[in-house]
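Q: Fold the stuff below for me.
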Amino acid sequence: MIDIQNQADHRNIEIEKVGVKNIKYPIIVLDRKNKTQHTIANINMYVNLPHHFKGTHMSRFIEILNEYRGRINIKTLFTIIDEMKEKLNAKSAHLEIEFPYFIEKRAPVSKAKGLMEYTCKFCASHNEERDLYIQVDVPITTLCPCSKEISQDGAHNQRGKASVKLRFEKFLWIEDIIKYVEESASSEVYSLLKRSDEKFVTEKAYSNPMFVEDVVRNVASKLDADTNITWFSVEAENFESIHNHNAYAFVEKKV
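A: From the prediction side, this is the model:
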């Protein structure tokens, strides 16, 4: 059969990334408490395409995933990437794996158990050099320092999200990244709270007001003190409760 993808292209334009997106696929991630956790990932796979080829072979990406079924985790990322480069005759390859990660959390007073979901992402690439970073999105609560200062009674608070991206030298637990973030906000977010827990959480937030600027600086300070982390960026976004806009802040460690 004629292989259209391998035919010559006359436009002389190289493509940096070509491949497949939004593949739902089961993976296994390391879990500090339970050793491993099975979850469903959303996977993107790309390679470069030289200017003289018309197209890439999309089916080969899926074949590679199937070959590593049950073994797709942070330890095998570059093995998969190297096979992508080899089977697709590419100089560079990229692999993005986004997945929900669940941690059982106890409410602060009642100790009621509930599962908290955190969105995580592994981004690996191999061009001239290998590169890997992890992204973790953590729900947070913040209480506005300005509102507390100017109001006679109460202060407005809101749920937000802090997103951390980082590179590291040795293995790093997702749970540690989450802890850095949750300790840097006005209060943590829980999946299950009784009335005694709600009282504790709201009072804790009131005594610990934070702007988004405070959150990113707090997280950055903790990450910068961890010698295993070589680069990071932190962004925080408040889903404002009394404004028709969100508040946002971003900080990055320069290397």
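Q: In stretch 193-205, which residues are buried?
A: Within stretch 193-205, the residues scored as buried using 16 or more other C-beta atoms under 10 Å are Leu193, Asp197, Phe200, Val201, Thr202, Ala205. Yep, even glycine has a C-beta here, placed from its N, CA and C like the rest.
Q: Pretty sure the fifth one sits in a helix.
A: Yes - Thr202 sits within a helix when classified using DSSP: H, G, I helix; E, B strand; the rest coil.
Q: Run a quick neighbour tally on Val181.
A: 27 (other C-beta atoms under 10 Å).
Q: coming back round to it: of the buried residues of stretch 193-205, which is the nearest to Ile15?
A: Closest to Ile15 out of the buried residues of stretch 193-205 is Ala205 (48.6 Å), distances taken as C-beta to C-beta.
Q: which residues of the stretch 101-250 of the chain fall in strands?
A: Ranges of strands in the stretch 101-250 of the chain, per DSSP state E, counting those that start in this stretch, are 113-126, 130-143, 157-168, 187-188, 229-238, 247-252.
Q: ok, back up a step: need the buried residues of stretch 193-205 in JSON lines with distance to Val181 and pLDDT, can you?
A: As requested, those are exported to JSON lines (distance: C-beta to C-beta, whole Å; pLDDT from 0 to 100):
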{"residue": "Leu193", "distance to Val181": "19", "pLDDT": "97"}
{"residue": "Asp197", "distance to Val181": "20", "pLDDT": "98"}
{"residue": "Phe200", "distance to Val181": "19", "pLDDT": "97"}
{"residue": "Val201", "distance to Val181": "16", "pLDDT": "97"}
{"residue": "Thr202", "distance to Val181": "20", "pLDDT": "96"}
{"residue": "Ala205", "distance to Val181": "15", "pLDDT": "97"}
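Q: from the residues you listed, which is closest to Tyr133?
A: Closest to Tyr133 out of these is Ala205 (30.6 Å), distances taken as C-beta to C-beta.
Q: how near is that closest one to Ile174?
A: 24 Å (C-beta to C-beta, to the nearest Å).
Q: Turn the strands of the stretch 101-250 of the chain into JSON lines, including distance to Lys85 and mean pLDDT.
A: JSON lines is the format used below for those (distance: least, C-beta to C-beta, whole Å; pLDDT from 0 to 100):
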{"stretch": "strand 113-126", "distance to Lys85": "7", "mean pLDDT": "98"}
{"stretch": "strand 130-143", "distance to Lys85": "11", "mean pLDDT": "97"}
{"stretch": "strand 157-168", "distance to Lys85": "21", "mean pLDDT": "97"}
{"stretch": "strand 187-188", "distance to Lys85": "42", "mean pLDDT": "96"}
{"stretch": "strand 229-238", "distance to Lys85": "24", "mean pLDDT": "98"}
{"stretch": "strand 247-252", "distance to Lys85": "29", "mean pLDDT": "98"}
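Q: Would you convert the ones you listed into JSON lines that also reports distance to Glu213 and mean neighbour count?
A: Below are the strands of the stretch 101-250 of the chain laid out as JSON lines (distance: least, C-beta to C-beta, whole Å; neighbours: other C-beta atoms under 10 Å):
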{"stretch": "strand 113-126", "distance to Glu213": "23", "mean neighbour count": "17"}
{"stretch": "strand 130-143", "distance to Glu213": "10", "mean neighbour count": "20"}
{"stretch": "strand 157-168", "distance to Glu213": "12", "mean neighbour count": "20"}
{"stretch": "strand 187-188", "distance to Glu213": "17", "mean neighbour count": "22"}
{"stretch": "strand 229-238", "distance to Glu213": "8", "mean neighbour count": "21"}
{"stretch": "strand 247-252", "distance to Glu213": "5", "mean neighbour count": "15"}
